[in-house]
Structure formats: C-alpha cells, structure tokens
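Peer 1: Sequence plus predicted model, see below.
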Amino acid sequence: MPAYDTLLCDVQDGIATLTLNRPTALNAVSPRMADELVDLLGRLSADETLRVLVLRGAGDNFCAGGDVREMAARTGQDAPAAAQALHRMARYRRLTLALHRFDRPVIAAVDGVAFGAGMSLALLSDLVLLSDRARLCMAFQRVGLVPDCGALYMLPRLVGLQQAKALALSAREIGAAEALALGLAIAVLPPERLHAKARQLAEAIACGSSTALSLTKRALDASLQSDLETMLALEATSQAAALTSAEHREAVDRFARKEPARCRWPELPDDRPPPGQGRASGEG
C-alpha cells in the first residue's frame, strides 16, 4: 500500500480503516484527496481478503466537505468556464462511483462535522454511526453550489423527496438525534465509544461469508431501480453463487454440529424518540 498525503489506511483481520487525514482543514476533500481516495478504494477492492471498510476522519471531525479555501484560491475573482467546471467535476464523479460500487460493506463513523461533500460520503456508506456531537449539513447552498458526490441520488432514497428538498434547499444543520430519526444513521454514541463500536460492528460483519456479504450489498443497492421480477432473478443467481461457496458449507456444518454462529451483531443504542413525540432536534 503506497503512502498517501491526505489519507491513512490500516488493514487488520480483513477490516480496512480508512481515515481522511487533513485534520487542520477539518478533513475537507481537496482534489488530491479525491484522487487518492479513488486510487486507494481501487486497491482495497482488489484485496480478496478484505471484508469490511470503516471510513472515519482524523481528529474530532469526519469531513467538512469541499475545500472552500482551495476553491477560492483556484478561481480568484473569475468563475470557471462551464467546460472547466465539468472537467473538475469528473474527479468527484470518479470518487462517488468508486465508493458507491465498493463491493464490501462500508461503515462510516461520523464525529463532529459532516458538511457538504462530507455528508455525501456518509450517505454513500452502507451503515452510519454518529457521535452525539455530530453535525450534518447539506451546506452547498451556503456557497451557491448544488449538492454533489451522489447526494442528489442518495438523500431522497434515505429520507424521502420532501425531506431531501428541505435539507438541500435550506442548507440547515441537523444534530445526531435528528439525523437518526430521519434514518440517516443506525445509532448515536458518545464520542469516546464511536470508533470502538464501529470496529466491533465491522468485526461482527467480517465474520460472515464474504460471498454473501458482497452479493447482498449489490442486490440491495439494485433494488430501488428494479421491479420484483428482476429482483427475483437476481436473488436466484446470487443464491446460486452463495450456495456453492465454501463459507456456506462451513456455516451449515457448524449448524449441524449445534455450534454457535460465528457472527454476533453487537448491541447498539436506540436513541429514537418514543412514538408520538416527534423528532428530538430543536436545531436549525
């Protein structure tokens, strides 16, 4: 694995921990970081021993979005021509597709700010854990821009069209409790427990069949663009591949011997408000 200027990556026991490493810039996504993420995700995809990816930010923040200072320094007083802007956006399209198509489960451990493209990266992940001090914002309108890095695709699928419009058009900040209630995360934890819980969750998932994990993720990602007949066909081909795997045979043998399953899902806190009490936010 090469050394990167803006990223750290540690791989142990089939789990890769990828850290956005620009803490002095709140881990903002620079062009170099985008290119390095595409390269690293490609290398990790080629690692057949890898089962789970954990995505996090260095220090106390996940990612502040695009590097606005870099944008200002690049453009000066003149707006870029449309052709130049499209060329620049190709870089972020490659990043979005590399993360969305990554065929192992991705867990985002979000502490501090996840603004703009930082929130988009979290949305592209399969499971999101938040610290209770996490703050999320589709901040693009604050700098006269349109949501990118897949946000226009992912956000309405996760929260519904009207809520997606409200978040994107208002560019308002939401806290961890509201993000959880909207379905943008599966749990909220104290900051000191966030990364340990993400690792525990990754270890539980990594115990499963790598074949079944990959096939399940791909099929679920395809489901919102498919009809029932298409999904039944995909279920059949996926199950046929899983049934012939050594991991399936080993799991069945364990069951026949009445041994416990290898996978144990860790207990996660449930901070959703009780029914009838609405969303616990008060922010924005």
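Peer 2: Arrived safely, thanks for sending. Predicted model only: the values in this text are computed from it and were never measured.
Peer 1: List the residue ranges of the protein that fall below the pLDDT cut-off.
Peer 2: Counting by pLDDT under 70, the chain has low-confidence residues at 70-80, 270-284.
Peer 1: mind checking the longest helix of it?
Peer 2: As assigned by DSSP state H, the longest helix anywhere in the chain is helix 82-100.
Peer 1: so which helix or strand takes in residue 107?
Peer 2: Residue 107 belongs to strand 106-110 when elements are defined using DSSP states H and E.
Peer 1: Wasn't residue 11 part of a helix?
Peer 2: No - judged by DSSP: H, G, I helix; E, B strand; the rest coil, residue 11 forms no part of a helix; its state is strand.
Peer 1: ok, the nearest residue to it once chain neighbours are set aside - how many residues close by?
Peer 2: Once flanking residues are discounted, residue 11 sits nearest to residue 50: 6.8 Å by CB to CB, 6 or more residues apart in numbering. Every C-beta, even on glycine, is put in place using the N, C-alpha and C of the backbone. The number of residues packed near residue 50 is 19, by other CB atoms under 10 Å.
Peer 1: Phi first, then psi, for residue 50.
Peer 2: Here is the backbone geometry of residue 50 (degrees, to the nearest 10): phi -80, psi 130.
Peer 1: what separates it from residue 118, distance-wise?
Peer 2: Using CB to CB, to the nearest Å, we find residue 50 at a distance of 24 Å from residue 118.
Peer 1: Would you state the helices of the stretch 51-200 of the chain in chain order?
Peer 2: Under the criterion DSSP state H, counting those that start in this stretch, the stretch 51-200 of the chain contains helices at 68-75, 82-100, 117-124, 151-159, 161-170, 176-182, 191-206.
Peer 1: Any buried residues in the longest one, and which?
Peer 2: By neighbour count, with 16 or more other CB atoms under 10 Å as the criterion, the buried positions of helix 82-100 are 92, 94, 95, 96, 98, 99, 100.
Peer 1: swap in the fifth one?
Peer 2: Buried residues in helix 161-170, counted by 16+ other CB under 10 Å: 164, 167, 168.
Peer 1: And residue 202, how close does it get to residue 235?
Peer 2: To residue 235, residue 202 is 26 Å away according to CB to CB.
Peer 1: Settle it for me: which of those two has more neighbours?
Peer 2: It is residue 202, of residue 202 and residue 235, that has more neighbours when counted by other CB under 10 Å, with 25 against 12.
Peer 1: about what we covered before: for the longest helix of the chain, which helices and strands make contact with it?
Peer 2: helix 31-45, helix 117-124 (3 or more CB pairs under 8 Å, 6 or more residues apart in numbering; DSSP states H and E).
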